[in-house]
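1. Predicted coordinates and the sequence they were generated for:
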Amino acid sequence: MPISERGTPTFDGFRLVPGRLDRTEQEALRDAIRAVAAEAPLYRPSMPRTGKPFSVRMTNCGSLGWVSDQSGYRYQPAHPLTGRPWPEIPEILLVLWRELADYPHPPEACLVNFYDPEARMGLHQDSDEAEFAAPVLSVSLGDSCLFRVGGTNRRDPTRSVRLASGDVLLLGGPSRLAFHGVDRIYPGTSKLLPQGGRINLTLRRVTKPE
Ligand SMILES: O=C(O)CCC(=O)C(=O)O
Ligand SMILES: [Mn+2]
């Protein structure tokens, strides 16, 4: 994988848009996500089979939300604890999707991940969707993280890139099924979230359009 002058891995379908959201836009999105979490509270999912809790807390917005529990990973229309439908995806995220996704249909799910300073996410593929023609569009808010991305086989070599608040990342095309994960959070690198931590938002198209 070639490395661009800015240290960004560049390969087919992997696109980093550093600083796409300015501070004012980040604040607006942070507030919109607070409203989402007020309606659909963050909760700690558990791993399939083992039931081990995630270190990341999650919620969703959109017509579908990604959930994980002992029976497996899936998308469902309601919050697992409240039973209520997920809130709508904030407009600012839909604008980003229309601008950057290069895909003619709207996203159906937005997974909201909250990382405290110790949280991480192991190497995985986003493969629970039926539609891989759409990219996964990811937005970072708050503290920076070390993001790792490899190829479509778990053992492929990986590269790391630091993601900062306001950065947008796309995994599309040949990179849509690339393994990726978050190795660590860098506490104190942003003042956007007064209590610290990192929010990651991923927009996903789940179903194949008719
Ligand atoms: O937090 C991130 O940057 C990545 C999140 C992720 O890979 C996921 O939610 O599937
Ligand atoms: Mn992922």
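-> Here it is on my side, so go on. Numbers count the residues shown, from 1 in each chain. Ligands and ions are numbered 1, 2, ... in the order given.
2. Residue of this structure closest to ligand 1, please.
-> Ranking the residues of the chain by distance to ligand 1 (Cβ to the nearest ligand atom) places residue 200 first, at 3.2 Å. Bear in mind the C-beta positions are built from the backbone N, C-alpha and C, glycine included.
3. Can you tell me the closest non-neighbouring residue to that residue?
-> With sequence-adjacent residues excluded and distances taken as Cβ to Cβ, 6 or more residues apart in numbering, residue 200 is closest to residue 113, at 4.4 Å.
4. what's the helix or strand for that neighbour?
-> In the assignment (DSSP states H and E), residue 113 maps to strand 109-115.
5. In terms of pLDDT, where does the residue nearest to residue 200 sit?
-> Residue 113 carries a pLDDT value of 98.
6. contacting residues around it?
-> Residues near residue 113 by Cβ atoms under 8 Å, 6 or more residues apart in numbering: 56-58, 121, 199-202.
7. Those: which two are farthest apart?
-> Spatial extent of the contacts of residue 113 (Cβ to Cβ) is set by the pair 57 and 202 at 14.6 Å.
8. what pairs with the helix or strand where the residue of the chain closest to ligand 1 lies, and is each one parallel or antiparallel?
-> Using DSSP H and E, residue 200 maps to strand 198-204. Applying DSSP bridges, strand 198-204 is found paired with strand 109-115 (antiparallel), strand 136-142 (antiparallel).
9. show me the residues around residue 42 that make contact.
-> Residues in contact with residue 42 (Cβ under 8 Å, 6+ apart) are 57-59, 112, 114.
10. let's go with 6 Å and repeat that
-> Residues near residue 42 by Cβ atoms under 6 Å, 6 or more residues apart in numbering: 57, 59, 114.
11. does ligand 1 sit close to the host helix or strand of residue 31?
-> Using DSSP H and E, residue 31 falls within helix 23-39. No. Between helix 23-39 and ligand 1, judged by Cβ under 6 Å from any ligand atom, nothing touches; the nearest distance is 13.5 Å.
12. for the next helix or strand after that helix, packing partners?
-> Using DSSP H and E, the next helix or strand after helix 23-39 towards the C-terminus is strand 57-62. Contact here means 3 or more Cβ pairs under 6 Å, 6 or more residues apart in numbering; DSSP states H and E; on that basis strand 57-62 packs against strand 109-115.
13. any weak-confidence spans in the protein?
-> For the chain, the stretches with pLDDT under 70 are 1-11.
14. near ligand 1, which residues of it?
-> Proximity of the chain to ligand 1 (Cβ under 6 Å from any ligand atom) is limited to residues 111, 113, 121, 126, 138, 147, 180, 182, 200, 202.
15. doesn't residue 109 make contact with the last one?
-> Looking back up the chat, that one is residue 202. No. Contact criterion Cβ atoms under 6 Å: residue 202 and residue 109 do not qualify, at 8.1 Å.
16. quick one: which of these two has more around it?
-> Set residue 202 next to residue 109 and count neighbours by other Cβ atoms under 10 Å: residue 109 wins out with 25 against 20.
17. tally of neighbours for the nearest residue in space to residue 32 that is not next to it in sequence?
-> Excluding the flanking residues, the one nearest residue 32 by Cβ to Cβ, 6+ apart is residue 90, at 3.8 Å. Look at residue 90: counted by other Cβ under 10 Å, it has 19 neighbours.
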